[in-house]
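J.: Need coordinates for the below:
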Amino acid sequence: MSDSVLFAPFLLGPLALPNRAVMAPMTRCRADGTVPNALMAEYYAQRASAGLIVTEGVTPDPDGRGYARMPGIWSDAHLDGWRLVTSAVHESGGRIFVQLMHAGRVGHPANLPEGGRLLAPSAVPLAETKMWVDEAGGEEPIPTAEAMDAAEVEAAIDAFVRGAHNAIAAGFDGVELHGANGYLIEQFLNPHTNRRDDAWGGSVEARARFALEVAERVVDAIGGDRVGMRLSPWGVFNEMPHHDEIDDTCALLARRLGEIGLVYLHILDHSPLGAPEVPASTKEGMREAFPGAIILAGGYDHARAIEALEAGRGDLIAFGRPFLANPDLLERYRRRAALNEPRPESFHTPGATGYIDYPTLEIGECDAAPM
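T.: Residues are numbered from 1 along each chain as shown. Just a heads-up that it's a prediction; the model follows:
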């Protein structure tokens, strides 16, 4: 088993990637309110050896902010903050896409700006999921979101488009549309969370309309070679139950997103965290239907990444927690060095601890680790 496939260059649209490792998007909650800062710039720059970095979820609209200290990209202050990040990454030799994420029903009014509203395709309560609220100093139950009217659906699509324009203005190389993990785009896709009887709900095609409209309008705004989308077929995160039309939905999305011209499709398998494994046939069907690049994510380590690339199941592999805990992940893979263990207690806490203080290898250090 050779490292060469993981360290091989890859052309993602016009973007030359030096390797096939992607730093996966991970919620880190380090913004100053909603504004990116120098701490975040250092964090991402430390990991610029990734072939591509995809940021944490970034809301393009005040109503889309789910988490405390989740960054935004709708104001001049946001753009100034993100320019710190993109400049630091580019100066360190990296490439970076922003993940545009509207949380939909997965939020809390206390985390929204003044006047913000918790909106979703339909008013479907979350039974068990709670949300951290800084002012309360703990997790709070999530109130049931309001069902969006037709004008609010259109406004949410417009917010994604503005966010994409702002991302390019802030120096990002592109955007990833977050259609996974039970947030707004996926809420439209799933009949449990989309109980609408208008043009945005009902059939597979109608439930997919929101995702496809967002993708098409963002592509029209900034070009398809700068746009990807992340999906999590068979995932159950944020109380997204399975339904009989998952595979039909995935096949439709893969085909139509390819026709729209997205540069990549990012397929997340949640089974390492306890969800049912995405059937191989589902992934294979999406790969066959989508002509662009496929990024695979979900518990990959060094050996599994190489095996998947060699088998041709994907073009790029996204690493989450390994990159979080190892800024020099690729150098550690190259040297067969041991990895730092992630510290979950500091995944979402404010400040530098557990964020920019993971150690890198010393020159000459090599502690052989299994493939």
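J.: So what's the predicted local confidence for Ile356?
T.: Ile356 carries a pLDDT value of 98.
J.: Number of residues surrounding it?
T.: When counting by other CB atoms under 10 Å, one arrives at 17 neighbours for Ile356. Every residue, glycine included, has its C-beta placed from N, CA and C.
J.: looking at this, it is in a strand?
T.: No - per DSSP: H, G, I helix; E, B strand; the rest coil, Ile356 lies outside any strand segment and is coil.
J.: tell me the contacts of it?
T.: For Ile356, the contacting residues are 39, 42-43, 46, by CB atoms under 8 Å, 6 or more residues apart in numbering.
J.: From Asp80, how far out is it?
T.: Separation of Ile356 from Asp80 (CB to CB, to the nearest Å): 20 Å.
J.: Arg313 in helix, strand or coil?
T.: coil.
J.: Correct me if wrong: it contacts Leu296.
T.: Yes - look at Arg313 against Leu296 with CB atoms under 8 Å: they come within range, at 6.5 Å.
J.: Who has more neighbours out of these two?
T.: For Arg313 versus Leu296, the count of surrounding residues by other CB under 10 Å is larger for Leu296: 24 against 16.
J.: and the more buried one, what is it in contact with?
T.: By CB under 8 Å, 6+ apart, the residues touching Leu296 are 267, 269, 283, 308, 313-314, 316-318.
J.: ok so, going back, okay, and the common contacts of Arg313 and Leu296?
T.: Taking CB under 8 Å, 6+ apart as the contact criterion, the common neighbours of Arg313 and Leu296 are Lys283.
J.: Help me confirm that Val54 comes into contact with Glu176.
T.: Yes - counting by CB under 8 Å, Val54 touches Glu176, with 5.2 Å between them.
J.: Mind listing the shared neighbours of these two?
T.: With CB under 8 Å, 6+ apart as the test, Val54 and Glu176 both reach 25, 97-99, 230, 266.
J.: Top of those by number of neighbours, please.
T.: Val98 (31 neighbours).
J.: How about the secondary structure of that one?
T.: Following three-state DSSP, Val98 is assigned to strand.
J.: And the helices in this protein?
T.: If DSSP state H is used as the criterion, the helices of the chain fall at 38-46, 76-91, 150-169, 184-189, 204-222, 246-260, 280-289, 302-310, 321-325, 329-335.
J.: now the shared contacts of Val54 and Glu176 as CSV including distance to Pro9 and pLDDT?
T.: Listed next are the shared contacts of Val54 and Glu176 as CSV, based on distance: CB to CB, whole Å; pLDDT from 0 to 100:
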residue, distance to Pro9, pLDDT
Pro25, 22, 98
Phe97, 17, 98
Val98, 23, 98
Gln99, 23, 98
Arg230, 23, 98
His266, 19, 98
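J.: For Ala337, state which of those is nearest.
T.: Nearest to Ala337, judged by CB to CB, of the shared contacts of Val54 and Glu176 is Pro25 at 25.2 Å.
J.: didn't that closest one look like it was pressed against Leu52?
T.: No - the criterion here is CB under 8 Å, and Pro25 misses it with Leu52 at 10.9 Å.
J.: Excluding chain neighbours, give the residue nearest to Gly272 in space.
T.: Residue 272: Pro, not Gly. Nearest in space to Pro272, with sequence neighbours left out and distances taken as CB to CB, 6 or more residues apart in numbering, is Gly299 at 2.9 Å.
J.: do you know how far the one you found is from Gly116?
T.: Distance check for Gly299 against Gly116: by CB to CB, it reads 34 Å.
J.: about what we covered before: of the shared contacts of Val54 and Glu176, closest to Leu11?
T.: Looking across these and measuring by CB to CB, the closest to Leu11 is Phe97, at 15.2 Å.
J.: For the closest one, list the residues it contacts.
T.: 52-55, 172-176, 226, 228.
J.: and the residues you listed as CSV, adding neighbour count?
T.: Converted to CSV, the contacts of Phe97 look like this (neighbours: other CB atoms under 10 Å):
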residue, neighbour count
Leu52, 26
Ile53, 25
Val54, 26
Thr55, 28
Phe172, 27
Asp173, 22
Gly174, 26
Val175, 29
Glu176, 29
Arg226, 23
Gly228, 27
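J.: Just send those residues back as JSON lines, with distance to Gly261 too.
T.: Compiled in JSON lines, those are given as follows (distance: CB to CB, whole Å):
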{"residue": "Leu52", "distance to Gly261": "18"}
{"residue": "Ile53", "distance to Gly261": "22"}
{"residue": "Val54", "distance to Gly261": "19"}
{"residue": "Thr55", "distance to Gly261": "22"}
{"residue": "Phe172", "distance to Gly261": "18"}
{"residue": "Asp173", "distance to Gly261": "17"}
{"residue": "Gly174", "distance to Gly261": "13"}
{"residue": "Val175", "distance to Gly261": "14"}
{"residue": "Glu176", "distance to Gly261": "15"}
{"residue": "Arg226", "distance to Gly261": "10"}
{"residue": "Gly228", "distance to Gly261": "11"}
